[in-house]
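Colleague: just to be clear, the model below is a prediction. Sequence and coordinates:
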Amino acid sequence: MLTRGARAPARPRRRRRRIRRGPRRAGPRVPPRRAAHGGPPVSARVESAVEAAQVARAHWRLGRHTSILLGRPAQDSLDDIEPLIERALAEAQEQGVADQAVTPFVLSYLHRESGGRTLAANRELIAANAGLAGEVAVAYAAL
């Protein structure tokens, strides 16, 4: 009888990807509201960069290893955008657009159909949120 010696450690099993059955849906991946006023409820609200920094410090001191989502609402509201979003999602579904391709499809559709207003609004939001991140970083460093 032959023996092979010590057995090699078992390889960790890979997680299997779930196979999706049925049609893919585009809808749930896009936030429900894109207006300056209103929108989905939030779990907390802060009024200053210092307050945001204090919330972040408390969050991480509790041993949380998760992020904090912080954003500033748009200055100008695109109140007529909801019907465009619904049409964009419907068209994405009709064309079979799914998963990570949904957001670029919807943004492109909105840009085209709004005459560029949504692109300008998104650019303003990016700059405003970058500025907000800088304000919070300075406040956090001063704590």
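Modeller: Arrived safely, thanks for sending. Remember, it's a predicted structure, so these values are computed and weren't measured experimentally. Numbering: from 1, shown residues only.
Colleague: check contacts around the residue nearest to Gln54 when sequence neighbours are not counted.
Modeller: Closest residue in space to Gln54, ignoring its immediate chain neighbours: Leu143 at 6.9 Å, by Cβ to Cβ, 6 or more residues apart in numbering. (Each C-beta comes from the backbone N, C-alpha and C, glycine too.) By Cβ atoms under 8 Å, 6 or more residues apart in numbering, the residues touching Leu143 are 53-54, 57.
Colleague: by neighbour count, which of these wins?
Modeller: Counting neighbours by other Cβ atoms under 10 Å, Ala53 leads the contacts of Leu143 with 20 neighbours.
Colleague: contacts only, for that one.
Modeller: Contacts of Ala53 (Cβ under 8 Å, 6+ apart): 136, 139-140, 142-143.
Colleague: would you mind giving the residues you listed as TSV with pLDDT added?
Modeller: As requested, the contacts of Ala53 are exported to TSV (pLDDT from 0 to 100):
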residue	pLDDT
Val136	95
Ala139	97
Tyr140	96
Ala142	97
Leu143	94
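Colleague: which of these tops the neighbour count?
Modeller: Val136 (21 neighbours).
Colleague: which strands and helices lie in contact with whichever helix or strand that one is part of?
Modeller: Assigned by DSSP states H and E, Val136 belongs to helix 117-142. Counting contacts by 3 or more Cβ pairs under 8 Å, 6 or more residues apart in numbering; DSSP states H and E, helix 117-142 is packed against helix 49-61, helix 102-113.
Colleague: now those helices as JSON lines including distance to Glu91 and mean pLDDT?
Modeller: Shown next, in JSON lines, are the helices and strands packed on helix 117-142 (distance: least, Cβ to Cβ, whole Å; pLDDT from 0 to 100):
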{"stretch": "helix 49-61", "distance to Glu91": "37", "mean pLDDT": "94"}
{"stretch": "helix 102-113", "distance to Glu91": "7", "mean pLDDT": "93"}
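Colleague: do you know which of those helices lies nearest Leu78?
Modeller: Evaluated over the helices and strands packed on helix 117-142, closeness to Leu78 peaks at helix 102-113, with 8.9 Å, by Cβ to Cβ.
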